[in-house]
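Visitor: Next comes the sequence, and after it the predicted model I'd like to discuss.
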Amino acid sequence: MKKQLLLIPALAALLAVPALHGIRPAHAQGAATPDYQVGDRLAKPAAQPSGSFRTITFDDLMPLDWDPNAVFKQLDMASLKDNDPRAMEMMAKIKQAWENAPLVPQLGGQKIRMAGFLVRLEGDDKHIREFLLVPYFGACIHIPPPPANQVVHVIPDQPVPAGQDMGAVWVSGTLSLAVAKTGLGDAGYRLAAVKVEPYTGD
């Protein structure tokens, strides 16, 4: 069983935001009527094929023997107080560790389908031409990005309507291992997407 990423509690302590208490699963809801809060994840879909694409989750992007919480165990976060100057030092250590998060080589070249939240990289007021796919709402925008192996750089073959920005989507395409450093966060994977559609929970 995958170990849950303790991202939100950790960043809440570091950034002194007591209102954020943890990652919680979101209800299965479409992007047209979003009701997500920072840290919400999408409900885990059934592991069933969709045409020639295999449905995977963000957990599948992490090696089985990798502990995403290892960096936190080395930090004395319990002693932090509001606006503690040590928070920036801890954030730097977390950032360095997560930028070098290991990938799963076996996923390279696979045709996959996965759901996540869309974070625009390039586009205009009508279209999105490149974006990051992240595992929980608010990542890279309201809170710092997750590990690089939890961020997918998506390049769709057709522009996506701008109304999908920060929405929940399904993406289908061919996955590759390719590090992309962007102003919003580092991605460890790239997806050449042939389909991007609103998330409906199935």
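Guide: Nice, thanks for sending it over.

Visitor: ok, what's across the strand from G173?
Guide: Beta-bridge pairing for G173 (DSSP bridges): I112, A193.

Visitor: quick one: contacts for it?
Guide: F53, K111, I112, V154, P156, D157, L191, A192, A193, V194, K195 (CB atoms under 8 Å, 6 or more residues apart in numbering). Just so you know, the C-beta spots here come from the backbone N, C-alpha and C atoms, and that holds for glycine as well.

Visitor: how does it look with 10 Å?
Guide: Listed by CB atoms under 10 Å, 6 or more residues apart in numbering, the contact set of G173 reads 53, 110-114, 152, 154-157, 190-196.

Visitor: Check those for burial and list the buried ones.
Guide: 53, 111-114, 152, 154, 156, 190-191, 193, 195-196 (16 or more other CB atoms under 10 Å).

Visitor: Sketch out the low-pLDDT regions of the chain for me.
Guide: Applying pLDDT under 70 to the chain flags residues 1-34, 46-50, 202.

Visitor: And the helices in it?
Guide: Secondary structure of the chain (DSSP state H): helices located at 7-15, 70-73, 86-99.

Visitor: centre of the chain versus the second one, how much separation?
Guide: In other words, helix 70-73. 19 Å (CA atoms, centre = their mean, to the nearest Å).

Visitor: ditto for the last one
Guide: Relative to the chain's own centre, helix 86-99 is displaced by 18 Å; criterion: CA atoms, centre = their mean.

Visitor: Just the CA trace of it, in PDB.
Guide: These are the backbone C-alpha positions of helix 86-99, laid out as PDB (Å, rounded to 0.1, in the frame of the first residue of the first chain):
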ATOM      1  CA  ARG A  86      13.600  28.300  10.300                       C
ATOM      2  CA  ALA A  87      10.500  27.500   8.100                       C
ATOM      3  CA  MET A  88      12.300  28.900   5.000                       C
ATOM      4  CA  GLU A  89      15.300  26.700   5.600                       C
ATOM      5  CA  MET A  90      13.100  23.600   6.000                       C
ATOM      6  CA  MET A  91      11.200  24.600   2.800                       C
ATOM      7  CA  ALA A  92      14.500  24.700   0.900                       C
ATOM      8  CA  LYS A  93      15.400  21.200   2.100                       C
ATOM      9  CA  ILE A  94      12.000  19.900   1.100                       C
ATOM     10  CA  LYS A  95      12.200  21.600  -2.300                       C
ATOM     11  CA  GLN A  96      15.600  20.100  -3.000                       C
ATOM     12  CA  ALA A  97      14.500  16.600  -2.000                       C
ATOM     13  CA  TRP A  98      11.200  16.800  -4.000                       C
ATOM     14  CA  GLU A  99      12.900  18.200  -7.200                       C
END
